[in-house]
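Undergrad: Structure for this input, please:
(one chain, ligands or ions: 2)
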Amino acid sequence: MSYKDIYEAAQADPEKFWMEQAEKIDWIRKPTKALFDDRAPFYEWFRDGVVNTCYNAVDRHVEQGRGDQAAIIYDSPITGTKDMVTFAQLQEQTARLGGALQRQGIKKGDRVIIYMPMVPQALVAMLACARIGAVHSVVFGGFAANELATRIDDAEPKAIIAASCGIEPSRVVSYKPLLDGAIELARHKPEFTVILQRDQLAADLKEGRDYDWNAFQADAPLADCVPTGGMDPVYILYTSGTTGQPKGVVRPAGGHLVALNWTMKNIYDVEPGDVYWAASDVGWIVGHSYICYAPLFHGNTTVVFEGKPVGTPDAGTFWRVISEHNVKVLFTAPTAFRAIKRVDPTGEFLKKYDTSCLQSLFLAGERADPATIEWAEKHLKVPVIDHWWQTETGYAIVANPYGIEKMPVKLGSPTVPMPGYDVHILSEDGKELPAGELGAIAVKLPLPPGTLPTLWNAEERFRKSYLDTFPGYYETGDAGYKDENGYLYIMARTDDVINVAGHRLSTGQMEEVLAGHPDVAECAVIGTADDLKGQMPLGFLCLNAGVTRSPKEIVAECVKLVRDKIGPVAAFKTAIVVDRLPKTRSGKVLRGIMSKIADGESWKMPATIDDPAILDEIATALRLVGYPET
Ligand code: COA
Ligand code: AMP
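TA: Ligands and ions are numbered 1, 2, ... in the order given. This next block holds a predicted model:
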């Protein structure tokens with residue numbers, strides 16, 4: 001069948017299409033139907049099914065004879081370690097940790113925060129939670145204690161599983177002080193923690209609260225897979241929104257299994273047993289869906305890579321991993337390839353490795369610039385496929401369905417909507433726009449299985465953030481257009497979210513932190529174009545009247561403040577002190593225009609501007625610090 005046939009079949013009879021896909025999942029009790037719409041616009045998929053996520057990721061493969069196949073390949077150039085975990089070992093390890101968590105009182109529905117670097121134990125912890133029906137929430141290691149505390153207060157975990165440290169090229173990141181600091185800051189206190197002690201740096205454990213990973217589970221009974229309902233959450237993953245309070249995206253079990261399993265063959269074109277590598281981090285959605293869950297649901301081997309595309313030790317690391325582990329599909333963010341291309345523009349490192357096992361490269365997380373795609377295609381000699389998705393959806397909204405049909409690639413477009421996604425381009429007043437016209441990208445409800453049904457403890461925020469602007473549609477927060485063949489082009493965010501090295505960050509959140517500096521009266525943060533990271537944040541600070549301290553000193557303090565409060569991942573390195581911020585007459589800061597001035601793009605004076613002269617002042621201040629870059 002062609003892509004068109006499959007897409008249209010899913011549109012015409014979603015019930016039939018998704019019930020057929022559900023056949024590929026091992027249910028404890030099969031769902032009687034796919035979609036439950038009695039709570040619309042809160043749609044529920046496979047609600048009356050009973051299932052276990054870990055069973056489908058691990059146990060069933062052992063039972064089907066894949067026990068000796070590698071489930072996880074661990075390759076850590078940063079520590080000089082390589083390891084492998086078979087499906088049979090993973091079954092034992094998840095059952096053991098699950099049993100230990102149950103023994104310590106963790107039950108179905110309890111939340112467990114996981115704060116770990118790229119080690120196989122992070123996947124074991126996620127799957128062990130899923131095994132016993134606990135809801136995990138993984139927090140990325142590049143966040144500061146304050147961010148961890150916010151997530152602790154929102155998810156209210158009974159336990160936290162962490163490692164003693166993560167390793168960045170320039171430093172060992174000691175997790176335990178961050179964890180202790182977060183627990184201290186949070187109103188909610190977890191009952192206990194489990195700490196994986198790494199060789200690079202051991203953590204001090206607090207008697208009675210902190211347990212050593214090995215001792216905690218040494219003699220624990222093996223846990224069975226606990227039955228969970230189709231709509232029971234497997235995890236909560238926090239992502240950036242407009243404010244400092246991150247949004248807790250909820251992922252229900254049934255749809256997650258059905259949809260992710262479908263993507264492995266139909267989008268990525270891999271067969272069970274193939275090695276699949278998503279070079280991301282378990283703290284992000286790509287890590288959840290494509291380092292942990294989808295490859296394992298589908299019986300693939302997944303690669304856990306602890307390192308960077310460059311510098312660990314060189315720009316040939318990706319090629320070594322591909323050739324050494326027989327990787328068939330690589331998935332990463334374009335920024336990783338820009339980093340490699342910058343160090344090794346002529347692809348010299350590639351000549352040292354045989355990467356003929358690689359079938360394709362998939363890119364997502366940020367706009368894939370044509371130059372990067374062309375460079376990757378030229379040197380890797382495989383198709384390079386852009387696809388577009390979000391934490392909220394958990395898998396591609398728009399992609400090139402390589403396992404169904406290899407659609408012609410159009411540079412700059414992630415191609416076409418996946419089954420179940422009815423994508424529309426809307427004007428501000430919700431009218432459908434014709435091909436070629438830029439508008440808000442919205443998806444007609446219901447969203448397909450596997451996508452978010454709501455936000456954790458924040459149903460009203462879910463409604464306001466995604467459903468209210470265009471009734472009957474899910475608002476993606478991205479702007480773009482469709483061409484006459486239905487190919488989609490993603491152009492920009494419509495909100496205050498920026499994308500730095502494939503990391504989704506909120507400028508509003510940075511502004512909240514900067515506003516906390518005693519000398520700052522008012523501030524704005526914008527995203528500016530960056531050759532390597534796609535975008536970088538840039539702050540504008542208006543100081544309180546009477547402040548006479550050196551602006552340089554204040555900027556340095558502000559940079560430190562963002563690093564301390566949000567974390568190094570915010571990559572907030574620069575701010576400019578200005579007298580005033582450009583605003584509309586109603587007081588809205590004109591961030592979009594400031595970004596355009598900083599990037600040297602053309603812009604139009606808005607009719608609603610309060611005082612046009614301020615834009616000249618901003619342009620002058622930007623020029624003084626080298627914007628736009630030439
Ligand atoms: N724990 C602690 N700190 C972390 C971290 C982690 N897990 N991840 C990143 N950081 C730190 C970095 O060390 C850096 O700190 P610094 O300011 O002291 O240098 C800061 O956060 C910013 O990180 P990043 O924006 O990633 O920049 P980088 O220079 O370290 O690396 C790339 C740049 C392009 C090599 C890297 O971002 C990359 O490999 N990205 C592609 C893959 C990816 O992760 N995509 C994300 C989602 S698909
Ligand atoms: P995240 O939730 O972290 O995955 O970030 C999702 C956002 O990243 C999207 O809403 C887009 O703004 C951006 N994004 C992801 N993939 C792409 C892509 N292929 N092209 C352009 N932007 C993308």
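
Undergrad: Can you name the residues of this structure that neighbour ligand 1?
TA: Within the chain, the positions near ligand 1 by Cβ under 6 Å from any ligand atom are 117, 141-142, 166, 168, 173, 279-281, 284, 286, 308-309, 332-333, 335-336, 339, 365, 500-503, 533, 568-569, 571. Yep, even glycine has a C-beta here, placed from its N, CA and C like the rest.

Undergrad: hmm, which of these are the buried ones?
TA: Taking 16 or more other Cβ atoms under 10 Å as the criterion, what is buried in these is 117, 141-142, 166, 173, 279-281, 284, 286, 308-309, 332-333, 335-336, 339, 365, 500-503, 533, 568-569, 571.

Undergrad: All the strands of the stretch 51-200 of the chain, in order from the start?
TA: For the stretch 51-200 of the chain, applying DSSP state E, counting those that start in this stretch gives strands covering 70-76, 81-86, 111-115, 135-138, 159-163, 165-168, 171-174, 192-196.

Undergrad: can you put the ones you listed in TSV and add distance to Tyr402?
TA: Listed next are the strands of the stretch 51-200 of the chain as TSV, based on distance: least, Cβ to Cβ, whole Å:
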stretch	distance to Tyr402
strand 70-76	23
strand 81-86	27
strand 111-115	31
strand 135-138	28
strand 159-163	35
strand 165-168	33
strand 171-174	37
strand 192-196	37
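
Undergrad: Out of the ones you listed, which is closest to Ala529?
TA: With Cβ to Cβ, the closest approach to Ala529 among the strands of the stretch 51-200 of the chain belongs to strand 165-168: 25.0 Å.

Undergrad: which outside residues touch the closest one?
TA: 78-79, 116-118, 141, 172-176, 198, 200-201, 203, 306 (Cβ atoms under 8 Å, 6 or more residues apart in numbering).

Undergrad: Give the bridge partners for Val250, please.
TA: Val250 has these beta-bridge partners by DSSP bridges: Ile236.

Undergrad: Checking the residue lying closest to Leu467 once chain neighbours are set aside next. Helix, strand or coil?
TA: Distances taken as Cβ to Cβ, 6 or more residues apart in numbering place Pro41 nearest to Leu467, at 5.5 Å, with adjacent residues excluded. The three-state label given to Pro41 by DSSP: H, G, I helix; E, B strand; the rest coil is coil.

Undergrad: Pop out the phi and psi values for Pro41.
TA: Main-chain torsions, Pro41, degrees, to the nearest 10: phi -80, psi 10.

Undergrad: pretty sure it contacts Tyr466?
TA: No: contact criterion Cβ atoms under 8 Å: Pro41 and Tyr466 do not qualify, at 9.3 Å.

Undergrad: Please say which of these two ends up with more neighbours.
TA: The residue with more neighbours, out of Pro41 and Tyr466, is Tyr466; 24 against 18, by other Cβ atoms under 10 Å.

Undergrad: How about the contacts made by that one?
TA: Going by Cβ under 8 Å, 6+ apart, Tyr466 touches Glu392, Tyr474, Glu475.

Undergrad: Please identify the member of those residues with the greatest number of neighbours.
TA: Neighbour counts for the contacts of Tyr466 peak at Tyr474, which has 27 neighbours (criterion: other Cβ under 10 Å).

Undergrad: Pull out the buried residues from the helix or strand hosting it.
TA: According to DSSP states H and E, Tyr474 maps onto strand 473-482. Of the residues in strand 473-482, Tyr473, Tyr474, Glu475, Thr476, Gly477, Asp478, Ala479, Gly480, Tyr481, Lys482 count as buried by neighbour count, 16+ other Cβ under 10 Å.

Undergrad: Need those in CSV (columns: pLDDT and distance to Glu20).
TA: As requested, the buried residues of strand 473-482 are exported to CSV (pLDDT from 0 to 100; distance: Cβ to Cβ, whole Å):
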residue, pLDDT, distance to Glu20
Tyr473, 98, 26
Tyr474, 98, 24
Glu475, 98, 30
Thr476, 98, 27
Gly477, 96, 31
Asp478, 97, 30
Ala479, 96, 34
Gly480, 97, 31
Tyr481, 98, 33
Lys482, 98, 28
